[in-house]
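> next one to model:
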Amino acid sequence: MTHCEEQIRALCQALLCAGKTLATAESCTGGGIAKALTELPGSSAVFLGGAVTYTNALKESLLGVPREILEQHTEVSAPCAKAMAEGIRERTGACLAVSATGYSGPGGGTDRDPVGTVYIGIASPRACFAERFSAPSGATRREIREAVILRALELLLQEAEQL
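The predicted structure follows:
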């Protein structure tokens, strides 16, 4: 069993025991977190679903990310990641939500947030926060996405254990 599979199994077990549910809002991971979760048979007991909002227009319309956040901070920012997680949590009724927005490459990136920078948001009744994740220099698009998915699962498990 891979580390990712162990994380998913532990996450689903923690949510199941607590009677809680989960939803995802993804941009740069393209649904990868949701895909990883649904690889586990029985995950439907805790995973409600998610949204892949690759454009700012969908981040606004589907998740309710305020235009001001996108204009002032951009879609690759902690405020956007938090708003995405809060938005999917509210719209699905899930107890726990995760989001990912960033630059998985090979293009994009800025001096402040180069390729490999991803903001992971977590929203629950207990907390709403975002973590800035930086992939190792030289990582490929696939490696960046895989690392972000694993980190998102770690953050979800940490939060689920607090519920």
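> how far away is A100 from G19?
26 Å (CB to CB, to the nearest Å). C-beta coordinates here come from the backbone N, C-alpha and C atoms, glycine included.
> pretty sure C95 sits against S124.
Yes. Counting by CB atoms under 8 Å, C95 does reach S124; the two are 6.4 Å apart.
> joint contacts of the two?
Shared between the contact lists of C95 and S124 (criterion: CB atoms under 8 Å, 6 or more residues apart in numbering) are residues R89, L163.
> closest to the centroid, which residue in the protein?
Taking CA atoms, centre = their mean as the criterion, S99 is the residue nearest the geometric centre of the chain, at 2.6 Å.
> how far does the lowest-mean-pLDDT helix or strand in the chain sit from its chain's centre?
Here the helix or strand of the chain ranked lowest by mean pLDDT, DSSP states H and E is helix 3-18, holding a mean of 91. With CA atoms, centre = their mean, to the nearest Å as the basis, helix 3-18 stands 16 Å off its chain's centre.
> which helices and strands does that helix pack with?
In terms of contacts (3 or more CB pairs under 8 Å, 6 or more residues apart in numbering; DSSP states H and E), helix 3-18 is packed against helix 32-38, helix 141-160.
> returning to what we had before: any idea how far the residue nearest to the centre of the chain is from T140?
S99 is 22 Å from T140, by CB to CB.
> cool, and E90?
Applying CB to CB to E90 and T140 gives a distance of 35 Å.
> check contacts around A152.
A152 neighbours (CB under 8 Å, 6+ apart): T29, I33, V98, A100, I120.
> and if you look at T110?
T110 touches V76, counting by CB under 8 Å, 6+ apart.
> wasn't it part of a helix?
No. Counting by DSSP: H, G, I helix; E, B strand; the rest coil, one finds T110 to be coil, located in no helix.
> distance between the ends of stretch 12-27?
23 Å (CA to CA, to the nearest Å).
> kindly apply the preceding question to stretch 50-61 instead.
Note: stretch 50-61 ends 14 Å apart using CA to CA.
> what's the average pLDDT for it?
For stretch 50-61, the mean pLDDT works out to 97.
> what comes up buried for that stretch?
By neighbour count on 16 or more other CB atoms under 10 Å, the buried set for stretch 50-61 is G50, A51, V52, T53, N56, K59, E60.
> the residue lying closest to the last one once chain neighbours are set aside: how many residues sit nearby?
The shortest distance from E60 to any non-neighbouring residue, by CB to CB, 6 or more residues apart in numbering, is to R67 (6.0 Å). Counted by other CB atoms under 10 Å, the residues lying close to R67 total 11.
> now do the one 4 residues further on
For E71, the count of nearby residues is 9 (other CB under 10 Å).
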